[in-house]
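# Below are the sequence and a predicted model; questions follow.
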Amino acid sequence: MSDEERHARRIVVLAPMPPEKSAYALARYSRSPDSIEESLKWVHGHSSEKFWEQFYFAYGHGSIADLGHVTISLENISELAAIRVEDEPLWDGQAKSSRYQNFAVTGCYMPSNIGGTETEALYRGILGSLFNLYRTFHDPLQQFLREQAPKPDAMKQGDYDRTIAARTFDVTRYLLPLAAKTNVGQVVSIRTLEKQITRLLSAQLPELQMIGDDLKTACAKRPSDVWAELCGSDTSGIEPLAPTLARHADANTYQAEVYRDLQRHAKKALRKAGLDKPEAWAHRKQPVDLLEPHNLQDEIVTTLLYRVSQAPYRSILEVVRGWSEQEKEDTIQVAYRNRGPYDELIKEFRCGYPLIFDVLMDIGGWRDMHRHRRCQQVQQNFTTVHGYDIPQPLVDAGLDRDYQLAMDAVKQDIEKLRGVDQEASIYALPFGFKVRCLFKMDFAEAEYISQLRSGVKGHWSYRTIAWLMKQQVTEQYPYLGELIQATPPDVEDTLKR
């Protein structure tokens, strides 16, 4: 390498700056012969607000907003809200871990519309019984696990204690309700942030709408400057993160209405097909079902109906295959007809992946699987219809009877609560109840999930799902399935985490 080549090449790392300004600078940088320093100086002397108004919001040049990122913490939101915050496919973040933190002290979300009513008393009674058992089970479970897996001489006491504590919370988390409060930290582009705000403002749950409003307000305000203060930096010039975005992000009519329209359509279609009752598909309760490749249009129609029902994908697909082309097109039009010129299609249209897994598992385990971004996930609504899981350690410790009695009672109370307040009944659901979700992916993602999630460090719930995914791939594609290095769930090591 010549000195001339070495001196010509430059790698420049930029200090943090407001996302709208950094995105503006990099967008201009790509369209000018100037160095990055010259582009920054130019942007500093010109209005970024005018730039964003013209090119992003007026002309729709969406990719420029991928160039500015922001770190945001959302504190004291419900687990249900955290799930919806994390629904973005292009998202990086972490939520408070139910494996490493005691949720008995976090408190719960209270829907404002039931305050001071008899419904509030019923709601608090459900949550109280769940948290009472969450606390009651902790000590006997921890003692049982210590007896089953004594500390090896080579293991440090602190590491052993933390591991046993984590394994204990792995069990007690089945009792955590979706109302339990948590924290979420995220690092996202301002393009993703705008989509997130719009989606939250368009949601039906009031808590999500309020979070959307709070995000807008936070973007328009001066950000937290704790780090700068700790470093002794001058914080007087710190600007709002994304004031232009905050003004423009708003609820979206298409997103707000499309699932209600689909719900009405599916209710009629599935009732006609006899799939509106659990008895119609009670024989299909396997945790993982890998679908055979099928027609793309049938997949889209089935996925749309699946999203707003509780029936298995395979059962709906069998019905759809018997429909006329007009019936299929009518279903697609329900989700398509009110779409505006700048509206993205809802994610149920993201079809054509070769591997489609219909997964039925406990909410807590699914919460971990929900982190996977290199696939398309279509989740059905939370419900008690599919029953609940019983963690094996509770059985081994002789605590399963108390658990089942409590969960049966909670199920009855939630069904009663649903009759008077649908919103509250969802928040009251504990993690132990099951949820259905489609996972659509390519082979590389199936191999990754099966290998990673089946490891002995993981939770037995998703370990089982990951192993079954490998098994089902092997049944359809023997050679490819054998390439997946997954660990059977009966291979255990309690002291690894």
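Sure thing, it's come through.

# which one is Ala406 nearest to, not counting chain neighbours?
Leu133 (5.2 Å; CB to CB, 6 or more residues apart in numbering). For the C-beta atoms, the positions are set from N, CA and C on the backbone; glycine is no exception.

# Per-residue pLDDT of the one you found, please?
At Leu133, the model reports a pLDDT of 96.

# My read is that it contacts Leu405, right?
No - between Leu133 and Leu405 there is no contact under CB atoms under 8 Å: 9.7 Å.

# Comparing those two, which shows the higher neighbour count?
Of the pair Leu133 and Leu405, Leu133 is the one with more neighbours under other CB atoms under 10 Å, namely 21 against 11.

# what helix or strand is the more buried one on?
Of the helices and strands defined by DSSP states H and E, Leu133 is found in helix 118-148.

# Output the contacting helices and strands for that helix.
Here helix 118-148 touches helix 157-172, helix 392-396, helix 400-420, helix 422-427, going by 3 or more CB pairs under 8 Å, 6 or more residues apart in numbering; DSSP states H and E.

# tell me the contacts of the residue nearest to Ala406?
Leu133 is in contact with 175, 402-403, 406, counting by CB atoms under 8 Å, 6 or more residues apart in numbering.

# now swap in Leu215 and tell me
Counted by CB under 8 Å, 6+ apart, Leu215 has contacts 72, 193, 196-197, 200, 249.

# Quick check: Ile356 is in a strand.
Yes - assessed with DSSP: H, G, I helix; E, B strand; the rest coil, Ile356 lies in a strand.

# That one contacts Leu290, doesn't it?
Yes - between Ile356 and Leu290 there is a contact at 7.1 Å, judged by CB under 8 Å.

# the helices in the stretch 351-497 of the chain, which residues?
Secondary structure of the stretch 351-497 of the chain (DSSP state H, counting those that start in this stretch): helices located at 363-369, 392-396, 400-420, 422-427, 443-453, 460-476, 478-483.

# Could I get the full set of strands for the stretch 251-400 of the chain?
288-290, 355-362, 376-379 (DSSP state E, counting those that start in this stretch).

# of all those strands, which lies closest to Glu20?
strand 376-379 (30.2 Å; CB to CB).

# and the helices of the stretch 351-497 of the chain, which is most packed in?
The highest average neighbour count among the helices of the stretch 351-497 of the chain, using mean count of other CB atoms under 10 Å, belongs to helix 363-369 at a mean of 23.

# Check which helices and strands it is in contact with.
Looks like helix 363-369 contacts strand 355-362, strand 434-441, helix 443-453, helix 460-476 (3+ CB pairs under 8 Å, 6+ apart).

# Dump the ones you listed into a markdown table; add mean pLDDT as well.
A markdown table is the format used below for those (pLDDT from 0 to 100):
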| stretch | mean pLDDT |
| --- | --- |
| strand 355-362 | 98 |
| strand 434-441 | 98 |
| helix 443-453 | 97 |
| helix 460-476 | 97 |
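
# Quick one, which of the ones you listed gets closest to Asp298.
Of the helices and strands packed on helix 363-369, the one closest to Asp298 (CB to CB) turns out to be strand 355-362, at 11.5 Å.

# who does that closest one pair up with?
Sheet pairing of strand 355-362 (DSSP bridges) gives strand 288-290 (antiparallel), strand 434-441 (antiparallel).

# Number of residues surrounding Pro152?
Neighbours of Pro152 under the rule other CB under 10 Å: 9.

# gap between it and Pro18?
51 Å (CB to CB, to the nearest Å).

# same question, Pro293
According to CB to CB, Pro293 and Pro18 sit 48 Å apart.

# what about those two, which has more around it?
Between Pro293 and Pro18, counted using other CB under 10 Å, Pro18 has the larger neighbour count: 19 against 11.

# who's in contact with Pro312?
Counting by CB under 8 Å, 6+ apart, Pro312 makes contact with 281, 284, 289, 358, 360, 436.

# try 6 Å this time
Shown in contact with Pro312 (CB atoms under 6 Å, 6 or more residues apart in numbering): 281, 284, 358.

# Please identify the nearest residue in space to the second one, excluding sequence neighbours.
Okay, so that is Arg284. Counting by CB to CB, 6+ apart, Pro312 is the residue found nearest to Arg284 once chain neighbours are left out, at 4.5 Å.

# Quick check: phi and psi at the one you found.
phi -60, psi 150 (degrees, to the nearest 10).

# switch to numbering from 17
Okay, using 17 as the starting number, the last item reads as Pro328.

# Please report the distance of it from Tyr443.
Separation of Pro328 from Tyr443 (CB to CB): 26 Å.

# Could you list the paired strands of whichever strand or helix holds Leu90 along with their orientation?
Take DSSP H and E as the rule and Leu90 turns out to sit in strand 85-94. Using DSSP bridges, strand 85-94 pairs in its sheet with strand 197-205 (antiparallel).

# With just CA atoms, put the strand it pairs with into PDB.
Extracted in PDB, the C-alpha atoms of strand 197-205 (Å, rounded to 0.1, in the frame of the first residue of the first chain):
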ATOM      1  CA  LYS A 197     -45.300  -3.400  34.900                       C
ATOM      2  CA  THR A 198     -42.000  -3.500  33.100                       C
ATOM      3  CA  ASN A 199     -39.400  -1.300  31.400                       C
ATOM      4  CA  VAL A 200     -38.200  -1.400  27.800                       C
ATOM      5  CA  GLY A 201     -35.100   0.200  26.400                       C
ATOM      6  CA  GLN A 202     -34.900   0.600  22.600                       C
ATOM      7  CA  VAL A 203     -32.500   1.900  20.000                       C
ATOM      8  CA  VAL A 204     -34.400   2.700  16.800                       C
ATOM      9  CA  SER A 205     -34.100   4.800  13.700                       C
END
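
# Averaged pLDDT, the very next helix or strand once past it. What do you get?
Downstream of strand 197-205, the first helix or strand assigned by DSSP H and E is helix 206-217. Taken as a whole, helix 206-217 carries a mean pLDDT of 91.

# Run the angle between helix 206-217 and strand 197-205 for me.
Angle, helix 206-217 to strand 197-205, by axes from the mean of the first three to the mean of the last three CA atoms, to 10 degrees: 140 degrees.

# Quick one: residues in contact with helix 206-217.
Contacts for helix 206-217 (CB under 6 Å, 6+ apart): 35, 78, 81-82, 84, 104, 106, 224-225, 227-228, 231-232, 258, 261, 265, 267-268.

# Determine how far that helix lies from the middle of the whole chain.
15 Å (CA atoms, centre = their mean, to the nearest Å).

# The helices and strands packed on helix 134-164 into a markdown table, with extra columns for distance to Ser46 and mean pLDDT?
Supplementary listing: those in a markdown table, determined by distance: least, CB to CB, whole Å; pLDDT from 0 to 100:
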| stretch | distance to Ser46 | mean pLDDT |
| --- | --- | --- |
| helix 173-188 | 46 | 95 |
| helix 408-412 | 55 | 96 |
| helix 416-436 | 53 | 97 |
| helix 438-443 | 45 | 97 |
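
# Tyr358 is nearest to which of those?
helix 438-443 (30.1 Å).

# Could you list every helix and strand in contact with that closest one?
If contacts are counted by 3 or more CB pairs under 6 Å, 6 or more residues apart in numbering; DSSP states H and E, helix 438-443 sits against helix 416-436.

# what helices or strands is the helix it packs on leaning on?
helix 134-164, helix 438-443.

# Just say which of these is most tucked in.
helix 438-443 (a mean of 21).

# helix or strand right after the lowest-mean-pLDDT helix or strand in the chain?
Sorted by mean pLDDT, DSSP states H and E, the helices and strands of the chain end with helix 19-24, the least confident at a mean of 60. Per DSSP H and E, helix 19-24 leads on to helix 35-45 as the next helix or strand towards the C-terminus.

# Show me what that next one is packed against.
By 3+ CB pairs under 6 Å, 6+ apart, helix 35-45 packs against helix 52-60, helix 64-67.
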